[in-house]
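[1] The following comprises the amino acid sequence and a computationally predicted model.
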Amino acid sequence: MSINIDIHDETDELSLAQLELVETLLKYVAREERVTEGSEISVTFVTNDRIREINKEYRNKDTVTDVISFALNDDESDIIDELIPNLLGDIIVSYSRMVQQAEEYGHSVERELGFLVVHGFLHLLGYDHMNEVEEKVMFKRQEELLEAYGLQK
């Protein structure tokens, strides 16, 4: 199982090990979630100012957030042809917010990094937390994946 992951670090803050963690973790989740071979996602690490701009422009929320996902395949009609790659979407993470939250929650930056990219990826795969039932399902799956991968709290 292989998916294509395009990673951009606009902050120049992530280490090579952290970038590799993102790639291996997302490939693991893709395998566990049975994502279509050759699917593509993009992960971009940005500043607090940039994620605030994105949040304001696309979600009408003038505030810094930790992760935003933009799914490209919201329904089956978005998948046109088997020859065209399955473009799942984009995950955008605030690097500064990630580091801050790791400190607040008392765990490693790598754990928070894993948490945020898996959270974003699950959104691209159709998981959500708009109500209590959805939230329980999504967060349970998220923790299962992180723990199985080795990123416990």
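    Okay, I see it. Residues are numbered from 1 along each chain as shown.
[2] what's near enough to touch residue 72?
    Residue 72 makes contact with 78, 87, 88, 89, 90 under the criterion CB atoms under 8 Å, 6 or more residues apart in numbering. Using the backbone N, CA and C atoms, a C-beta is placed for each residue, glycine as well.
[3] how near is residue 53 to residue 68?
    Noted for residue 53: a distance of 11 Å to residue 68, by CB to CB, to the nearest Å.
[4] Correction: the previous question concerned residue 42.
    12 Å.
[5] Quick check: neighbours shared by the two?
    The contact lists of residue 42 and residue 68 share residue 91, where a contact means CB under 8 Å, 6+ apart.
[6] between residue 53 and residue 68, which one's more packed in?
    In this view residue 53 and residue 68 are compared by other CB atoms under 10 Å, and residue 68 has more residues nearby, 20 against 14.
[7] need the contact list for the nearest residue to that one once chain neighbours are set aside.
    Nearest residue to residue 68 in three dimensions, chain neighbours excluded: residue 92, at 4.7 Å (CB to CB, 6 or more residues apart in numbering). Applying CB under 8 Å, 6+ apart to residue 92 gives the contacts 43, 44, 45, 46, 51, 54, 67, 68, 69, 70, 120.
[8] Compare these and tell me which has the most neighbours.
    Most neighbours among the contacts of residue 92, by other CB under 10 Å: residue 45, with 27 neighbours.
[9] So, low pLDDT: which residues of the protein?
    By pLDDT under 70, the low-scoring segments of the chain are 1, 73-85.
[10] Helices of that one, residue ranges please.
    Assigned by DSSP state H, the helices in the chain fall at 16-32, 48-59, 95-105, 109-124, 132-149.
[11] Throw the ones you listed into JSON lines and include distance to residue 4, thanks.
    Converted to JSON lines, those look like this (distance: least, CB to CB, whole Å):
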{"stretch": "helix 16-32", "distance to residue 4": "10"}
{"stretch": "helix 48-59", "distance to residue 4": "23"}
{"stretch": "helix 95-105", "distance to residue 4": "22"}
{"stretch": "helix 109-124", "distance to residue 4": "13"}
{"stretch": "helix 132-149", "distance to residue 4": "20"}
